[in-house]
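Undergrad: starting from these lines, generate the structure:
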Amino acid sequence: MKKLLIILHDLSAGGAEKMMARLAGALVDAGNDVTLLMLTGGGVNARGLDPRVKQVELNSGRSANAVPALARFLRQNRFDAQLAALTHVNVIAIAAAALSGTLSRLHVSERNAFSHDKHVNPSLRVRLAYEVAPLLYRLIPNPVICVSRGVAEDLVDTTIARERDVTVADNPVLDDDFHHRPPAAAEHPWLQDKTTPVVVAVGRLALQKGFDTLIEAFARLPDRTTRLIIFGEGSLRAQLLEQARALSVEDRIDLPGYTGDPMAQVAAADCFVLSSRFEGSPNALVEALATGTPVVATRCPHGPQDILQDGLVAPLVPVDDPAALALAISDQLNAPVDTRRQIRIDAAARFMNGRAVQTYLSALLGSPSP
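TA: Coordinates of the predicted model:
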């Protein structure tokens with residue numbers, strides 16, 4: 001049994017937080033003693049954390065202020081491997097590990113396309129972290145764990161990081177028995193009593209996710225009875241609703257907020273759409289494939305092209321092209337229900353817990369077994 005530590009900012013409603021919570025549980029299943037440490041604490045993904053995972057909250061007002069407390073914790077609790085996630089947390093973890101003498105055990109991970117993601121957060125401290133991180137990635141002893149080959153290549157191509165400074169591990173998105181587990185009941189009334197086709201999207205209401213393009217594409221669909229549900233929270237809610245009103249589709253679009261079970265919603269839908277401008281390895285796309293529901297995605301950097309096998313599994317369309325997106329959605333809605341369903345499910349199986357956790361154990365410990 002290995003003693004492993006995962007370091008996060010918190011367990012808020014983000015894809016990285018959800019995947020780290022899932023990874024913690026999968027590492028426990030693989031026979032390890034796992035602690036999940038949050039620089040601050042709390043978040044909606046805490047309720048999905050395996051009860052066998054130990055939780056530590058530093059309750060720092062700001063992430064950057066957590067360095068001394070984290071260094072003390074690392075000195076007092078020796079782990080076989082330590083994994084940090086998200087760029088600004090990586091920088092903090094590297095500083096704390098250096099102060100505590102545990103840098104040889106530290107691994108950091110990048111969850112998104114670095115060259116795009118660094119422009120998203122306006123915080124000066126976060127932007128500084130993105131400037132410093134590539135230099136630190138060259139200096140630390142272990143390679144950066146990236147969630148997809150595209151993320152790794154982006155980090156090498158757009159920063160001073162070298163090929164030897166990166167490695168790849170798949171996200172543990174799905175339970176190992178997902179093939180045999182029926183989806184839960186959908187919670188949205190449009191999906192519970194479905195009288196018209198329903199398109200579903202899932203993600204933060206942020207520019208990255210391209211929901212403005214999706215709404216414009218939706219307004220172009222020839223079937224004017226089709227409905228669109230976008231599950232997620234974010235700063236663009238009012239802007240997206242105003243766009244829907246301007247396009248006269250506000251009565252057929254709903255933004256109900258965060259859903260704790262996106263697969264249940266997607267399983268009851270007629271099509272899932274990923275309209276992102278950039279990604280790392282989009283977990284929502286994998287979850288959608290696992291339900292067998294028809295899928296459309298943008299060919300954004302990075303992730304969809306790899307997951308959908310360059311369009312063999314499901315259609316890929318150009319980023320920010322509402323006409324192409326509308327055509328692809330319409331084609332999926334008009335196709336026979338079972339067309340390529342098993343192909344979609346088989347493509348998702350790569351991201352089962354049992355498979356993905358071995359790629360992490362190999363990266364963290366140098367061996368696929370605990």
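Undergrad: dump the residue contacts of the closest residue to A324 other than its chain neighbours.
TA: Distances taken as Cβ to Cβ, 6 or more residues apart in numbering put V317 closest to A324, at 4.2 Å, once the chain neighbours are dropped. To be clear about C-beta, it is placed using only N, CA and C from the backbone, and glycine gets the same treatment. Taking Cβ atoms under 8 Å, 6 or more residues apart in numbering, we find V317 in contact with V296, A297, T298, R299, A324, L325, L327, A328.
Undergrad: now V317: phi and psi?
TA: As for V317, its main-chain torsions (degrees, to the nearest 10) stand at phi -130, psi 160.
Undergrad: please apply the same query to H179.
TA: Dihedral pair for H179: phi -60, psi -30, per degrees, to the nearest 10.
Undergrad: and P256, by the same measure?
TA: phi -80, psi 0.
Undergrad: run a quick neighbour tally on it.
TA: P256 sits with 15 neighbouring residues when counted by other Cβ atoms under 10 Å.
Undergrad: what sits against it?
TA: P256 neighbours (Cβ under 8 Å, 6+ apart): H188, I229, F231.
Undergrad: I figured the first one hits D254, correct?
TA: Yes. Using Cβ atoms under 8 Å, H188 and D254 qualify as a contacting pair, with a distance of 7.3 Å.
Undergrad: joint contacts of those two?
TA: Counting by Cβ under 8 Å, 6+ apart, the shared contacts of H188 and D254 are I229.
Undergrad: still on that earlier bit, I140 versus the residue nearest to A324, what's the distance?
TA: V317 sits 38 Å away from I140, going by Cβ to Cβ, to the nearest Å.
Undergrad: give me the element D346 is part of.
TA: Using DSSP states H and E, D346 sits in helix 341-348.
Undergrad: in a markdown table, list the contacts of V317 along with distance to N334.
TA: Formatted as a markdown table, these follow (distance: Cβ to Cβ, whole Å):
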| residue | distance to N334 |
| --- | --- |
| V296 | 13 |
| A297 | 18 |
| T298 | 20 |
| R299 | 22 |
| A324 | 16 |
| L325 | 15 |
| L327 | 11 |
| A328 | 11 |
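Undergrad: ok, those vs H119, which is closest?
TA: Within the contacts of V317, proximity to H119 (Cβ to Cβ) peaks at T298, which comes in at 18.1 Å.
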